[in-house]
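> Pasted the sequence and its predicted model underneath.
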Amino acid sequence: MFKQNTIQSRKWIDLSILNLSTVAFLGLILRSKILFALPFINYNHLLEAHSHFSFGGWVTLILVALFIHELLPESFSVRPVYQWLLGSIAICAWGMLVSYLVWGYSTISIITSLCFVLLSYIFGLIFIKDLLKAKLESSVELLAISSIVYLILSSSGLITITIIYFTKSFNAILYKDALYTYLHFQYNGFFTLAIFALLFNLIAEGTSAKAKRNIYRFSLTLCISIIPSLFLSYLWQDPNLWLRIIAMVGSILLIFSFYLFLVCALSLRDIFKEERGVIGFLVMLSMGSFMLKIFLQSFTIFPVIGNAIFGNRPIIMGFLHLVFLGFVTLFILAYFIKKGLLNSKIKWTGIAVIVFAIAVILNEVLLILQGMATMFIDGSSIFPWLLWITGILLFTGSLLLAIARIQTRRLL
């Protein structure tokens, strides 16, 4: 059980939900800027601030906190070094928010980002060392360690972009590949593997020996698929034959991961049948988003599909939101409720989750429809308005989650 009885563990949940609300607010302002003049806001600065704070202030902060307090024994998780690291990550995340918002892509914001990267290195070294002593299930250990390794590897993309910036040797292909490398290792590596590490650790006690074998096969295949599937992100530049072969291997591994996930789901169906109501609803949406992610990602090997996706901004944004909101965020909310970090008996919890989940679904549908519309027609001016309304719903849902968290704290 997450250590709710300690101030150290409670404050990271409180801060993460506040940060989620901030992310939703920034997203709403971004969509407002498309429709209204708002001359006092620099769109590009706001976009950079939104993306960096989404990663650092919400997902990374809460995943690191959950890793510390859920996967490590209490004798390790209460160590002051982890509280210092979480605090430093939170400060850096807010530093990135302010610096990108005010100065955009500048020396100050880049230095702040590099400090965040350095903190991820330090955390990774300390956490992996402690995790190896925790004696967790082999699949959980594999997923958790791999997720941290890919978090560290994702920094290669940021470092490359930083070198391009400081040397002023802008190369469009190198820049785009560096960006895709960063996003791939974050979304498909760190985020995805961390979620499954938490999920499989949560259900470990009630899992049969057969199910554990299926889980390990799925986990191993998924972890191995991350490197070769990275090359799917490079297909936009029409690479040579060898890069295409590696990308094809990645696509095959993703399809195999999809199959093994279905095998796992079937072997775990009795466990998931016990989860009804809000938790079951959120887990279903989250895992459904994961399956859709794998399916879409694997089929980018085909040039017709890959070129259409990598050249279509709404489709790209739809894929990123599918993972960030549909898969990761909805699972974390289900995890909060399962652990009592959001009390399911409080009416605001149910309302908040429904509003937020509906907004996530609408957001995804609208982005995909907008992307398809730009492929076949000139698009429609109604999409920015509909996406703006969806942004309002996302922000409203996040505020209701904050209210539900406050009421939950009062009952502790």
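Here it is on my side, so go on.

> switch to C-alpha atoms for all contacts and neighbour counts from now on
Will do.

> Helices of the stretch 251-400 of the chain, residue ranges please.
269-273, 277-298, 303-310, 313-321, 330-338, 347-376, 382-411 (DSSP state H, counting those that start in this stretch).

> With the stretch 1-150 of the chain instead?
For the stretch 1-150 of the chain, applying DSSP H, counting those that start in this stretch gives helices covering 7-35, 43-53, 61-66, 74-77, 80-103, 107-131, 138-167.

> among these, which is the most enclosed?
Highest mean neighbour count among the helices of the stretch 1-150 of the chain (mean count of other Cα atoms under 10 Å): helix 61-66, with a mean of 22.

> So for that helix, mean pLDDT?
Averaging pLDDT along helix 61-66 yields 96.

> And it, how far out from the chain middle?
Using Cα atoms, centre = their mean, to the nearest Å, the distance from the centre of helix 61-66 to the centre of the chain it belongs to is 11 Å.

> ok, residue 247 - contacts?
228, 229, 230, 231, 232, 301 (Cα atoms under 8 Å, 6 or more residues apart in numbering).

> what's the burial count for the last one?
Right, the one you point to is residue 301. 24 (other Cα atoms under 10 Å).

> quick one: residue 65 and residue 12 touch, right?
Yes. If you go by Cα atoms under 8 Å, residue 65 and residue 12 touch, sitting 6.8 Å apart.

> picking that back up, if we only consider the contacts of residue 247, which is nearest to residue 53?
residue 230 (23.6 Å; Cα to Cα).

> dump the residue contacts of that closest one.
Per Cα under 8 Å, 6+ apart, neighbours of residue 230: 181, 184, 185, 247, 250.

> And it, which helix or strand is it part of?
Using DSSP states H and E, residue 230 maps to helix 209-230.

> Can you pull up the most central residue in the protein?
The centre of the chain sits closest to residue 324, judged by Cα atoms, centre = their mean, with a distance of 4.1 Å.

> Check whether the nearest residue to it once chain neighbours are set aside sits in a helix, strand or coil.
Counting by Cα to Cα, 6 or more residues apart in numbering, the nearest residue to residue 324 once its immediate chain neighbours are dropped is residue 187, at 7.5 Å. Assigned by DSSP: H, G, I helix; E, B strand; the rest coil, the conformation of residue 187 is helix.

> next one: the one 10 residues further on
Judged by three-state DSSP, the three-state class of residue 197 is helix.

> Setting aside sequence neighbours, what's the nearest residue to residue 124?
Residue 124 sits nearest to residue 148 (Cα to Cα, 6+ apart), 5.9 Å away.

> isn't the one you found right up against residue 190?
Yes. The pair residue 148 / residue 190 is scored as a contact, 6.2 Å apart, by Cα under 8 Å.

> out of the helices of the stretch 1-150 of the chain, which comes closest to residue 344?
Among the helices of the stretch 1-150 of the chain, helix 7-35 comes nearest to residue 344, with 15.9 Å by Cα to Cα.

> The closest one packs against which elements?
Applying 3 or more Cα pairs under 8 Å, 6 or more residues apart in numbering; DSSP states H and E, one finds that helix 7-35 contacts helix 43-53, helix 61-66, helix 382-411.

> Residue 114: which of these is closest?
Nearest of the helices and strands packed on helix 7-35 (Cα to Cα): helix 43-53, 11.8 Å.

> could you give the angle of the closest one to helix 107-131?
Computed by axes from the mean of the first three to the mean of the last three Cα atoms, to 10 degrees, the angle separating helix 43-53 from helix 107-131 equals 10 degrees.

> Averaged pLDDT, helix 43-53. What do you get?
Rounded mean pLDDT across helix 43-53 is 94.

> ditto for stretch 72-84
On average, stretch 72-84 scores 91.

> Can you get me the centre-to-centre distance for it and its chain?
The answer for stretch 72-84 is 24 Å, by Cα atoms, centre = their mean.

> Now do that stretch: distance from first to last residue.
Distance across stretch 72-84, first residue to last, is 16 Å (Cα to Cα, to the nearest Å).

> Stretch 130-143 now?
The straight-line separation of the ends of stretch 130-143 (Cα to Cα) is 15 Å.

> Now do that stretch, average pLDDT.
93.

> what sits against the residue nearest to residue 147 when sequence neighbours are not counted?
Excluding the flanking residues, the one nearest residue 147 by Cα to Cα, 6+ apart is residue 190, at 4.2 Å. Residues in contact with residue 190, defined by Cα under 8 Å, 6+ apart, are 146, 147, 148, 149, 150, 151.
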